[in-house]
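Asker: One predicted model, sequence on top.
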Amino acid sequence: MDGNLSPLVILCVALLPNDLLLSSAAFLEPFDLLYDTAVQAFYSSDYESVVRYMEGALSSHREARRTRVRCRLRCQDQHPFDETFSDLRFFDGVLRRAACMNACIEAKLGIQSVHKVSDEVTQDFNRRIPYNYLQLAYQK
């Protein structure tokens, strides 16, 4: 091949729906995988990779949290609880909100099972340990 794109390839990409192009590029990389890669790079003394992967993990973690909050607020507005309090209406609202949340999160982040994170990694992020690795990598 000569390195140029054929007109057929350009036409096929142009005819793809915008949602398909955006959805494949818009999904976040799981922050636990980026974090694990950064920790492995740290113990291999590859400090440039530590910085790159740890900053990516922190950014991905931040965006995943923001997305979940936005989805929660949107679904809360779309499915408010009724003033009349009965068990069936209450649980109907809860189930509708949960379905809305799942659909919203999967539309923004991708399949949720990819973003299931172990308790250990969650605790590390809550204790701000990624910043410790990042600081040591910057110093070295």
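Answerer: Happy to help now that I have it.

Asker: Quick check: pLDDT value at residue 51.
Answerer: Turning to residue 51, the model gives it a pLDDT of 94.

Asker: Just give the closest residue to it, not the sequence neighbours.
Answerer: Spatially, and ignoring its direct neighbours in sequence, residue 51 is nearest to residue 137 (5.1 Å; C-beta to C-beta, 6 or more residues apart in numbering). Just so you know, the C-beta spots here come from the backbone N, C-alpha and C atoms, and that holds for glycine as well.

Asker: List the contacts of that neighbour.
Answerer: Applying C-beta atoms under 8 Å, 6 or more residues apart in numbering, we find residue 137 in contact with 42, 47, 50, 51, 54.

Asker: Can you redo those as a markdown table, where the extra columns are distance to residue 31?
Answerer: Converted to a markdown table, the contacts of residue 137 look like this (distance: C-beta to C-beta, whole Å):
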| residue | distance to residue 31 |
| --- | --- |
| 42 | 16 |
| 47 | 20 |
| 50 | 15 |
| 51 | 15 |
| 54 | 10 |
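
Asker: Quick one: buried ones out of those?
Answerer: With burial judged by 16 or more other C-beta atoms under 10 Å, the buried subset of those is 42, 47, 50, 51, 54.

Asker: Tell me how far the last one lies from residue 81.
Answerer: Residue 54 sits 41 Å away from residue 81, taking C-beta to C-beta, to the nearest Å as the criterion.
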